[in-house]
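Undergrad: Sequence and predicted structure below; questions after.
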Amino acid sequence: MNFNATLIGQMIAFGVFWWFCSKLVWPLIIKGLEDRKTRIADGLAAAEKGQHELQLANKRSSEILHEGKEQSKTYITQAQKRADEIVEEAKENARREGERILTAARAEIDQERQMAREALRREVATLALAGAEQILMREVNRDVHRDVLNRISAGL
């Protein structure tokens, strides 16, 4: 094979190109690849961390949901208990009101009975006075004998 200057020039140019690439271009390419490798690794680690956090969040949300259900059951139980208490209070108030109305009605009946007795006493006194007047056939002074008749009617 014939070595000539072109072949030697091409070898020198290739050597310079190789040196230039190995010193300047190759480190940039390696650095870019390493950076990309690091970013990919960080992304995978972040994805795994996100998955773990998602599982924790799902677990926590189910716990919170369970606690909420338990708390709502407690509130419903308390509300039912309070409703029963209110019903019982209303029944008791109605019973007391009924007793009060019954007592007032009895008092009114007694009062009306007393008034009827008084009216009957007055009528009896008037009739007795009229009867005495008729029997004695003379005039009886109502003002004078009223005290006596009142005592008699009170005794009735």
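TA: All right, it came through fine.
Undergrad: From here on, just use CA atoms for contacts and neighbour counts.
TA: Will do.
Undergrad: Relative to R113, how far out is E123?
TA: 15 Å (C-alpha to C-alpha, to the nearest Å).
Undergrad: And E34, how far from I40?
TA: E34 is 10 Å from I40, by C-alpha to C-alpha.
Undergrad: ok, now E108?
TA: 98 Å.
Undergrad: What's the local residue count around E123?
TA: Neighbourhood size, E123 [other C-alpha atoms under 10 Å]: 13.
Undergrad: nope, E88 is what I meant
TA: 12.
Undergrad: Check L120 too.
TA: L120: 14 neighbours (other C-alpha under 10 Å).
Undergrad: What ranges does the chain have for its helices?
TA: 5-20, 26-136, 142-155 (DSSP state H).
Undergrad: The longest one vs helix 5-20, what angle?
TA: Counting by axes from the mean of the first three to the mean of the last three C-alpha atoms, to 10 degrees, helix 26-136 lies at 30 degrees to helix 5-20.
Undergrad: Report the mean per-residue pLDDT for helix 26-136.
TA: The pLDDT scores in helix 26-136 average 90.
Undergrad: mind listing what E123 touches?
TA: By C-alpha atoms under 8 Å, 6 or more residues apart in numbering, the contact list for E123 is empty.
Undergrad: Check the spacing between E118 and D110 real quick.
TA: Taking C-alpha to C-alpha, one finds E118 at 12 Å from D110.
Undergrad: Please say which of the two ends up with more neighbours.
TA: The residue with more neighbours, out of E118 and D110, is E118; 15 against 12, by other C-alpha under 10 Å.
Undergrad: distance of the more buried one from E48?
TA: 103 Å.
Undergrad: how many other residues sit next to L24?
TA: Neighbour number of L24 under other C-alpha under 10 Å is 11.
Undergrad: Sorry, wrong one. I was asking about R82.
TA: 12.
Undergrad: For stretch 124-131, list the C-alpha coordinates in PDB.
TA: This file holds the C-alpha atoms of stretch 124-131, laid out as PDB (Å, rounded to 0.1, in the frame of the first residue of the first chain):
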ATOM      1  CA  VAL A 124    -135.400  30.900 100.000                       C
ATOM      2  CA  ALA A 125    -135.000  34.000 102.200                       C
ATOM      3  CA  THR A 126    -137.200  36.000  99.900                       C
ATOM      4  CA  LEU A 127    -139.800  33.300  99.800                       C
ATOM      5  CA  ALA A 128    -139.600  32.900 103.600                       C
ATOM      6  CA  LEU A 129    -140.000  36.600 103.900                       C
ATOM      7  CA  ALA A 130    -143.000  36.600 101.500                       C
ATOM      8  CA  GLY A 131    -144.400  33.700 103.300                       C
END
